[in-house]
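1. When you get a sec, could you give me coordinates for this:
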Amino acid sequence: MFQNFDFGVVASSLPYLFGQGMVFTLTLTALAATGGVVFGTLLAMMRLSGVPGLWHAAKLYVELMRSLPLVLVIFWFYFLVPYIGAWMTGSPNPIQVGAFTSALITFTLFEAAYFAEIMRAGIQSIPKGQTAAAQALGMGYAQTMRLVVLPQAFRNMLPLLLTQTIVLFQDTSLVYVLSLTDFLGAASKVAQRDGRLVEMYLFAALVYFAVCLAASFLVRRLQARVAIIR
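-> Next up is the predicted model:
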């Protein structure tokens with residue numbers, strides 16, 4: 001079955017695949033996950049604030065983002081935001097937004113909706129008695145969240161946050177629509193150049209499988225270590 005396959009093209013392309021493609025994928029994943037967690041935490045706090053305006057705005061944002069295909073959001077931001085920026089600034093020409101910047105902002109805003117729901121569940125998992133105790137000590141809302149609630153919520157939700165990051169790692173392959181060279185994009189370019197589509201796509205699939213499997217195993221180990229025994 002594999003007698004006509006030439007996996008030598010895979011070996012010769014490893015520096016390009018990992019040195020450029022995988023580095024790009026991991027960089028985008030790390031930056032988007034970090035931004036998504038920060039923005040998602042703010043959204044979660046807005047939804048739990050009890051302030052009608054903040055609560056409705058955060059809920060609308062989360063529901064909207066979770067209802068749209070990611071590839072549509074990527075297209076929307078890349079093609080429409082330059083014109084929206086020009087309209088807001090009064091510039092006669094569209095504002096130039098690079099492909100990487102577009103991808104980073106898109107993934108950050110999109111994943112923030114999912115991280116927000118994870119963090120909201122984490123905050124709600126903290127016993128209300130701890131919040132009451134912090135307030136009895138004279139802590140304000142911001143201090144209570146920063147010193148008491150959020151550290152425990154992050155610990156409780158860390159496995160889920162990392163699991164969502166694994167999903168983000170897989171989703172970064174959608175940047176091909178912006179002609180960016182992530183790992184899958186690099187494999188695709190080599191496959192089309194050398195006419196070895198089966199070999200390259202098979203190798204790419206195995207790499208994604210290996211990375212996600214290893215990351216999932218580490219998340220399970222971490223979950224066992226950080227679990228709070230009640």
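2. pLDDT weak spots in this structure?
-> Applying pLDDT under 70 to the chain flags residues 1-6, 227-230.
3. Look through it and tell me its longest helix.
-> Ordering each helix of the chain by length in residues (DSSP state H) puts helix 197-226 first.
4. Which neighbouring elements make contact with it?
-> If contacts are counted by 3 or more C-beta pairs under 8 Å, 6 or more residues apart in numbering; DSSP states H and E, helix 197-226 sits against helix 8-16, helix 150-171, helix 183-194. In this view, the C-beta of every residue, glycine as well, is placed from N, C-alpha and C.
5. In JSON lines, list these along with mean neighbour count and distance to Leu42.
-> Putting the helices and strands packed on helix 197-226 into JSON lines (neighbours: other C-beta atoms under 10 Å; distance: least, C-beta to C-beta, whole Å) gives the following:
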{"stretch": "helix 8-16", "mean neighbour count": "14", "distance to Leu42": "39"}
{"stretch": "helix 150-171", "mean neighbour count": "18", "distance to Leu42": "11"}
{"stretch": "helix 183-194", "mean neighbour count": "20", "distance to Leu42": "31"}
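6. right, so of the ones you listed, which gets closest to Trp55?
-> Counting by C-beta to C-beta, Trp55 lies closest to helix 150-171 out of these; the figure is 18.2 Å.
7. List of residues touching the closest one?
-> Helix 150-171 has contacts (C-beta atoms under 8 Å, 6 or more residues apart in numbering) with 25-26, 29, 32-33, 36-37, 41, 70, 107, 111, 114-115, 118-119, 121-123, 125-126, 130, 208, 211-212, 215-216, 218-220, 222-223, 226, 228.
8. in stretch 35-46, what counts as buried?
-> Gly35, Gly36, Val37, Phe39, Gly40, Thr41, Leu43, Ala44, Met45, Met46 (16 or more other C-beta atoms under 10 Å).
9. how close does the third one sit to Tyr141?
-> Taking C-beta to C-beta, to the nearest Å as the criterion, Val37 is separated from Tyr141 by 20 Å.
10. same check, this time on the fourth one
-> Taking C-beta to C-beta as the measure, Phe39 and Tyr141 are separated by 19 Å.
11. ok so, going back, please narrow the buried residues of stretch 35-46 to those residing in helices.
-> Gly35, Gly36, Val37, Phe39, Gly40, Thr41, Leu43, Ala44, Met45, Met46.
12. correct me, but the fifth one touches Ile123?
-> What it means is Gly40. No: Gly40 is beyond contact range of Ile123, at 11.4 Å (criterion: C-beta atoms under 8 Å).
13. what residues does stretch 183-203 touch?
-> By C-beta under 8 Å, 6+ apart, stretch 183-203 touches 5-7, 9-10, 13, 16-18, 20-22, 24-25, 173, 175-176, 179, 181, 204, 207-208.
14. Now list the buried members of those residues.
-> Here, 16+ other C-beta under 10 Å leaves 9-10, 13, 17, 21-22, 24-25, 173, 175-176, 181, 204, 207-208 buried among those.
15. Quick check: the farthest pair among the residues you listed?
-> Val9 and Val175 (23.1 Å).
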